[in-house]
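Asks: fold the following for me, if possible:
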Amino acid sequence: MRRASQRHGSAGRIRGSRPGAACGGILALVLVAAACSTAVTGSAASARTPVSGGIVTYALPANTTPNYIFPFTSGAYFSQVNENQLQFLLYRPLYWYGEGKLPYLNTQLSLAYPPVYHDQVVTIRLKPYRWSDGEPVDANDVLFWMHMLQAVGATDYGAYVRGEFPDNVQSVRKVSSTEVQMVIKGPYSRIWFTYNELSQITPMPKAWDRTGPNTPSDCTDQVSDCAAVFSYLNGQAANPETWVSSPLWRVVDGPWRLTGYNSEGKLTFQLNAKYSGPLPKDHISEFQELPFTSEEAEYNVLQAGGGQPLDVGYLPTVDAPVPPPGAPVGQNPVAGYQLQALYEWGISYIPYNFNPADAQAGVVRQQYIRQALQLLVNQAAVIQGPLHGYGQVSTGPVGDSPRTSYLSPKSKQGDPFPYNPAQARSLLSSHGWNVDPAGVTSCESPGRGPGECGPGIRAGTQLSLKLVYATGNAWVESALLQLKSNASQLGIDISLTGKTFDDVLAEVFGGCGTPTAFKVCPWQLADWGQGWSYVPDFLPTGDELFKTGAASNIGQYSNHTNDALIADTLRSSSLRAMWTWQDYLTQQLPVMLQPLAPAALVESIGTLHIGVQSPTLVMTPEDWYYVR
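Replies: Residues are numbered from 1 along each chain as shown. Now for the predicted structure:
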């Protein structure tokens, strides 16, 4: 499952192999990398004496606030701000991912021991965690989530992929109060099933198994009861004003409980005194998330002084110091704070809509047009300009940071479509377009043959595209203006419309972005602030983002060769299967690539230790502590 990614400030998951192989498979590579990673200290505060207690104020990403609390999330609410800044603080997933700077399985913070595979049988054994109401986190809580997925996953779960979870599970049953067994269909790679299927599960408490405040149900045992339970919980989850008072959301198994919410979107969390997971001796006791309408507004507060009102924030890249050669960050302009660049395990892109509600469908379906547009994205200039030297060139459908063995040798060579307007012009001219820099380029040779515009494009069709984007992120707006300018030099008209992050997601994910039905949708291109995170599917095999029928394939891209190559990555432990698929899809360009910017240039006050932040963007503020 993958989340639409939004980042702090300016700045989804690969499917793998069988465990037990020596060092030749993906799993071995993952485990070796995790074991050999070097611990890095994220703050000079770590060298001083820890102090227990205290309140931390934390800046939410610009123009975003959590708006959905239920950890079984539909597409319209399928975002990292809901997951990382809210749900994971309260409700722990079955398996936790992120070890230092690597996106790998964290056995210490997982609710269950690593799964055991025997042929097609997967056994999950839970650790002794408890809910805040005293009930154990047990096998029934896993079945509750699985049964809901079986009942409504295809229509109401943002990570649903036809043929995958739960379609690839033949049966699931409780062996004991602490043990669950699944029988899976097909010869799937074990690391793929662990990293991209089991990773989706968040156990749900018995207190949620109801269809009304005083109406218990039995989704835990009866799949037929689950649709009504989901309907009730979904309605309650999207009403932030009731979160704190609701008895539903007060039942948590995570280290935090939500104790405050105001109309501006400020959330207050206090430490869960009944948390049964690992907790350091010294830690903060309260955590506040503060919303900001823009990066500039956040930066003004950050510069106002330390301690209060902002302890952890972010530096907009428009204000960021250019890092000297070889350094991760430049000279920090905010006195009294520690600066670290946080990069996300994901990809940065702008999706195309392959089935828009206008004549442009035929335009974006042409590979040569998508390649021409990509040649007008000057990633290097964006990195050196609005990103102030931070960021990395995006090379394709597999993440470029952190650098992993999943990235193909070709992708490691750099940008496959470096800025080249002359080549872009040649592609258009050679396919029947009248390139008109003084006006709008149009098709003058319609048809399917060589030198013609291609199927679905009529004579006189103009290269005029609409792009909706999330406001509040200065570098993104600057990059889009640069793209618009570059395109205009070839007579390509790109009109930009800014909306809030939530409104952009609602437009592209809510209602029409369901590829199984190939629905007509009004939008053409969309940019919600950098693309996709491999969370909580951590193996980037592409099935949930680019496979025909995937719920998160919002552009409705469909390609039989791509589907077949993706299927190979789900079943094979060979890195070559991953590389073959990746290299093929890179040339197809189902999305427009843009630079991978820092998820955040994190600023933390010098008296607070927060350590190295994970590329999965999950937060563990229960590990933070003040020093003196």
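
Asks: residues contacting stretch 426-436, please?
Replies: Applying CB atoms under 8 Å, 6 or more residues apart in numbering, the set of residues contacting stretch 426-436 from outside is 366, 368-369, 371-372, 375, 425, 441-447, 451-454, 463, 490-491. The way it works is simple: take the backbone N, C-alpha and C, and place the C-beta from them, glycine included.

Asks: among the helices and strands of this protein, which has the poorest mean pLDDT?
Replies: Within the chain, confidence by mean pLDDT, DSSP states H and E is lowest for helix 26-36 among all helices and strands, at a mean of 37.

Asks: and the residue nearest to A151 when sequence neighbours are not counted, what element?
Replies: Across the structure, with CB to CB, 6 or more residues apart in numbering as the measure, the residue nearest A151 apart from its sequence neighbours is C226 (3.5 Å). Assigned by DSSP states H and E, C226 falls within helix 226-237.

Asks: list the buried residues in that helix.
Replies: Within helix 226-237, the residues that count as buried by 16 or more other CB atoms under 10 Å are C226, A228, V229, F230, Y232, L233, N234, Q236, A237.

Asks: follow-up on the earlier one: so which of the contacts of stretch 426-436 belong to strands?
Replies: Among those, DSSP state E puts S442, C443 in strands.

Asks: take the contacts of stretch 426-436 and keep only those in helices.
Replies: The subset of those located in helices under the criterion DSSP state H comprises Y368, I369, Q371, A372, R425.

Asks: G399: which of these is nearest?
Replies: Within the set of the ones in helices among the contacts of stretch 426-436, Q371 lies nearest G399; the separation is 21.7 Å, counting by CB to CB.

Asks: for the closest one, grab the count of nearby residues.
Replies: Summarising burial for Q371: neighbours were counted as other CB atoms under 10 Å, giving 17.

Asks: quick one: contacts for it?
Replies: Q371 makes contacts with F417, A424, L427, Q587, L589, as judged by CB under 8 Å, 6+ apart.

Asks: and it, how far is that from V364?
Replies: Distance, Q371 to V364, using CB to CB, to the nearest Å: 12 Å.

Asks: pretty sure Q338 sits against G606.
Replies: Yes - applying CB atoms under 8 Å as the test, Q338 and G606 come out as touching, 5.8 Å apart.

Asks: pLDDT weak spots in the chain?
Replies: In the prediction, the chain carries residues with pLDDT under 70 at positions 1-47, 305-308, 359, 510-519, 530.

Asks: if we use 50, what do you get?
Replies: Using pLDDT under 50 as the threshold, the predicted model of the chain has low-confidence ranges 1-2, 7-43, 513-516.

Asks: so where's the longest helix in it?
Replies: When the chain is scanned for its longest helix (criterion: DSSP H), the result is helix 139-156.

Asks: what does the next helix-or-strand element following that helix contact?
Replies: Past helix 139-156, heading to the C-terminal end, the next element that is a helix or strand (DSSP H and E) is strand 169-176. Strand 169-176 is touched from outside by 120, 123, 139-140, 143, 146, 166, 180-185, with contacts defined as CB under 8 Å, 6+ apart.

Asks: partners of the next helix or strand after strand 169-176 in the sheet?
Replies: Reading on from strand 169-176 to the C-terminus, the next helix or strand found by DSSP H and E is strand 179-184. For strand 179-184, the paired strands and their directions (DSSP bridges) are strand 121-125 (antiparallel), strand 169-176 (antiparallel).

Asks: buried set for strand 179-184?
Replies: Taking 16+ other CB under 10 Å as the criterion, strand 179-184 shows E179, V180, Q181, M182, I184 as buried.

Asks: likewise for stretch 619-628?
Replies: Across stretch 619-628, burial judged by 16+ other CB under 10 Å covers M619, T620, P621, E622, D623, W624, Y625, Y626, V627.

Asks: go on, stretch 269-284?
Replies: Applying 16+ other CB under 10 Å to stretch 269-284 flags F269, Q270, L271, N272, Y275, S276, G277, D282, H283, I284 as buried.

Asks: with stretch 443-463 instead?
Replies: For stretch 443-463, the buried set under the neighbour-count rule, 16+ other CB under 10 Å, comprises C443, P446, E452, C453, G454, G456, I457, T461, Q462, L463.

Asks: now do stretch 366-377
Replies: Residues of stretch 366-377 classed as buried by neighbour count (16+ other CB under 10 Å): Q366, Y368, I369, R370, Q371, A372, L373, Q374, L375, L376, V377.
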